[in-house]
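**Q** below is the sequence, then the predicted model.
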Amino acid sequence: MGKRKKLRILFNIFLISVCSIAGWYTYPSAFSNFTLFAAVIGVFITLGLLGRSSRE
């Protein structure tokens, strides 16, 4: 795994945690729905980065 890929995964994990925390503290609002939705999409994107790549 290259250095760039590791940094991308760490950045995604950081963004997922920030979105989750923001969604948790502002829960009954539309903003929390957006941030929690973005966090769920980020999890799937990060899982895609963790999988094996056919190009490598």
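**A** Nice, thanks for sending it over.

**Q** model confidence over stretch 25-40, on average?
**A** Averaging pLDDT along stretch 25-40 yields 93.

**Q** can you give me how far it is from the chain middle?
**A** 13 Å (Cα atoms, centre = their mean, to the nearest Å).

**Q** so which bits of that stretch are buried?
**A** If you call a residue buried by 16 or more other Cβ atoms under 10 Å, then stretch 25-40 has these buried ones: 32, 35, 36, 38, 39. From N, CA and C alone the C-beta is placed, and that goes for glycine too.

**Q** name the surrounding residues that touch it.
**A** Stretch 25-40 has contacts (Cβ atoms under 8 Å, 6 or more residues apart in numbering) with 16, 19, 20, 22, 23, 24.

**Q** which one of the residues you listed is nearest residue 47?
**A** Comparing the contacts of stretch 25-40 against residue 47 with Cβ to Cβ places residue 16 closest, at 10.9 Å.

**Q** okay, and the residue nearest to the closest one when sequence neighbours are not counted sits in which element?
**A** Counting by Cβ to Cβ, 6 or more residues apart in numbering, residue 16 lies nearest to residue 42, which is 4.4 Å off, once chain neighbours are set aside. In this structure, residue 42 is located in helix 30-50 according to DSSP states H and E.
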